[in-house]
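[1] fold the following, please.
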Amino acid sequence: MAKEKTKKNKTSKEKKEETTNNVGVNQEDENYYMEILNYYKKIKDMILTGDLLNDEQGCEVLVDRIIEDMRKKDVEIFLMSDQRCSKIFELMLSINILSIKRLMDSINFDILNEKSKIIEENEVFQRLKNCISNYIFIQKSILKHVEESIFDLYGSHVTETALESSAILLSFLKQKKIFYEERSLILEEILEFVRKMGDTLGWVSILTNSTASHVGRTVINITLGKVTMSIDNMEPYILENVGKRNQANKQKYSGKSQNKYKTYECKSIKELKDLVFSSKMDDTSLSSQLLKSIKEDFEGIIGDTYALPSLILFMRALNELISQKNAELVKLFNTILTIIITNGQETDEDIITGYENGDVDSEKISRLLSNSTRNWMNSNLKSRLLETLLEVIPYEFLVIWINSHTNSKEQHDQLFLNDILDSEYGHYIILNLLKSNRVKREEFIPVLKCLDFSKLISRKEFLDILISLIDNCRRLQSEYKYLTKKLWKSIEIDSSEDYQYTFSCLIFQKKKSELLLLEEKKDDSFKSETESMEKRLRITSQGCLMISSLSKFPADTIHPLTSGITYFISKHKNVMLKDILEAPFGIRMIETLVSSTSNIPQSLKKRWIQSYFGNFLNLVLSGTCNYAIIAMFYASDNLFRKMIVEELLNEEQGGGKDVLMSKNFKIFKSLKIESFNKKDDWNNVNEKIDKTRKLFSNIIEEKIDILDNNLEESLSCKSVSSNNKISKKNKNKRNSNSHNVNDLNDVTDDQSMGNILKFIKKSRK
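    I've put the predicted structure just below:
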């Protein structure tokens, strides 16, 4: 008994000693981690101030220091999973790639390659090799912890960046054969990581997980060579993302990127295709596991907030790949389409091939597609699947879908486009179809005839459909008169006497009766009421985009629009001076209206520009509408240009060269004001610019069209919730203030003209 008590006492003592030791170790670890946290906070401050990124060797030394810490102690899991450290650790990959890019650009490989010894002894080359080696070490440290990191809230983002940056580096190093070994090491780490995703974790468990699903979508993207960062734009990327979680994954749910989260191209990783898009049912590839899952639980997949975005992205990616005429991938794609079209009922039949062979008739296809439309158009998630389906199905199937919803078949339950429009998410389905540019003229005409324009003009969320219809008319160069006739009627422009209200109705998005009612309120006796009414007479982004697109219609089809410009100028001068010039979409509208490709009569363009005389100086000094001023200046004749410059140089009104140089140097240079007193020089410069603009007018206007499209996309950005859910209820909210179009490449800027002039001079020599 005494011996047993002694043993028990020893055991309790040993336990106490172990506990004490563990506490000591834990305290030591905690102190060590606090040191790391403080260190990473300093790194963040150095990045934000620009001190770090401007110091090329400092970036390299920093990464060396971090790797030293990682070699001493396994801290990568802590660095990935800690909210405060994970973002900086994630950016270390980008900083390392920035160093690699800088060093690579500074080495002349043509000279060094003549003698292999020289290249090995070169100091800069050794630094480059060290940076690549450091990157491989960090990449390996991250990707080896697939089980721990991929399901972690912060670790998953670090993993995602590791995959994307690896794809970029693989593409970049491919330019030089000397880095073949390094490329092989980077590639092997990626392949091993993706194998574990399929073998150990299972693709479906990843794609249905809230924290891991975006990593799965990143694998699909890098397989095709799509990333959200660029090696040529790495420094701005680091500065934009330091201190905040990169939200680019929120835009990956649909396989599309908005302007803010642009997708860049790099070399596709061919070796990944067998692990992601394999046509073999080997139970390890993404394609085989996803296909098996939608066969067994179709409703579960398309109803899952995280799995459906991955399925949509996979379909779009597969649709790109089948253009390479791979028979096995075509078969896989057709099988998935069949399952979706039949709502999970047909899992083995291929109705795509069946239709091509004549075994499946169009009535069956029409019935299946109509059922899917009816079942999904009121669903937040499934309506997105229907949008994708209409993008990727064979064109013959799309024709069947359009005909079934536009042509009357005397069926009591037939679903027309206007019925789809009235559903909760139907307008997104129609909008996405029109924006896909798949619809040809033969199918566009019934769509145009079927849609109720009075309904489209009455609801703000439907206006984008109307804009897309206008854009499709221009794309197909067809149905101008029919569309404008329906449009005028929808805003109550019934006779030539009403033409004067057309421009105002469109820009304010009001019907004629509403416009006249609000304008009648502008009486002194209704001053308080007038203020609230004036708030309701605000220009709209959709109205400006609509007018911009309509201005390029044939002149004989937009007579009501052009007739309304004079009335608008006389009635709404304050709107012209303030609202239009304060909004990016208003500025872009002015650029389009006065451009050479606009079919607005020249006399009305002059009238528009003339209405700003007396206000140009204040507008220039405000600095908010430079692009509109430059556009109007170069759309003017020499007399108007002279009057504009004289107004800007009027010292009595607060102008002058010195004032312009200090307050708005861009306008000073763009309008060639420094040459104004030298009349011959100023006239010669203007003549050269006019000739150049005329010569390259198609290129310039094409750029303006691109900017218009980008603006339209940015104004119709679809909001996505923070947990990556697809939310469509707030899609129509415009955030114009956050999108400053003045940051876009200026197609009317004199700098672009100068480059073209230099090119012409060189070619003459």
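
[2] phi, psi of Arg538?
    phi -110, psi 140 (degrees, to the nearest 10).

[3] show me the contacts for it.
    508, 579 (CB atoms under 8 Å, 6 or more residues apart in numbering). C-beta coordinates here come from the backbone N, C-alpha and C atoms, glycine included.

[4] repeat that for Asp494.
    Trp488.

[5] so how far is Leu516 from it?
    13 Å (CB to CB, to the nearest Å).

[6] same deal with Asp74?
    75 Å.

[7] those two: who's more crowded?
    Neighbour tally, Asp74 and Leu516, criterion other CB atoms under 10 Å: the higher count belongs to Leu516, 15 against 10.

[8] element containing that one?
    helix 512-520 (DSSP states H and E).

[9] name the helices or strands packed onto that helix?
    helix 502-508 (3 or more CB pairs under 8 Å, 6 or more residues apart in numbering; DSSP states H and E).

[10] who touches whichever strand or helix holds Leu329?
    Using DSSP H and E, Leu329 falls within helix 327-341. Identification of contacts with helix 327-341 by CB under 8 Å, 6+ apart yields 277, 279-280, 287, 291, 294-295, 298, 302, 315, 318-319, 321-322, 346-353, 365, 368-369, 372, 385, 389, 392-393, 397.

[11] tell me the buried residues in the following helix or strand past that helix?
    Where DSSP H and E defines the elements, the next helix or strand beyond helix 327-341 is helix 351-356. For helix 351-356, burial by neighbour count (16 or more other CB atoms under 10 Å) applies to 351-352, 354-355.

[12] hang on, Ser551 packs against Val594?
    No: at 9.6 Å, Ser551 and Val594 do not qualify as touching, with contact defined as CB atoms under 8 Å.

[13] list the helices and strands the helix or strand that contains Ile77 packs on?
    Element membership of Ile77, judged by DSSP H and E, is helix 76-81. Packing partners of helix 76-81 (3+ CB pairs under 8 Å, 6+ apart): helix 2-49, helix 83-106, helix 123-143, helix 146-149, helix 155-173.

[14] quick check: which of those helices is buried the most?
    helix 155-173 (a mean of 24; mean count of other CB atoms under 10 Å).

[15] and the helix or strand following that helix, what does it pack against?
    On the C-terminal side of helix 155-173, the nearest following helix or strand under DSSP H and E is helix 180-196. Packed against helix 180-196 by the contact rule (3+ CB pairs under 8 Å, 6+ apart) you find helix 123-143, helix 146-149, helix 155-173, helix 270-276.

[16] chain center to the shortest one, what's the gap?
    Between the centre of helix 146-149 and the centre of its host chain there is 30 Å, according to CA atoms, centre = their mean, to the nearest Å.

[17] the last one now?
    Here the centre of mass of C-alpha atoms in helix 270-276, compared against the chain's by CA atoms, centre = their mean, lies 26 Å away.

[18] so what does the very next helix or strand once past that helix touch, helix or strand wise?
    Note on helix 270-276: by DSSP H and E, the next helix or strand toward the C-terminus is helix 286-296. Secondary-structure packing of helix 286-296 (3+ CB pairs under 8 Å, 6+ apart): helix 203-207, helix 213-224, helix 270-276, helix 298-302, helix 307-321, helix 327-341.

[19] show me the contact partners of the second one.
    Applying CB under 8 Å, 6+ apart, the contact partners of helix 213-224 are 150, 156-157, 159-160, 163-164, 166-167, 190, 194, 197, 203, 206-207, 227, 249, 252-253, 263, 266, 268-269, 272-273, 276-277, 286, 306-307, 309-310, 313-314, 317, 320-321, 724.
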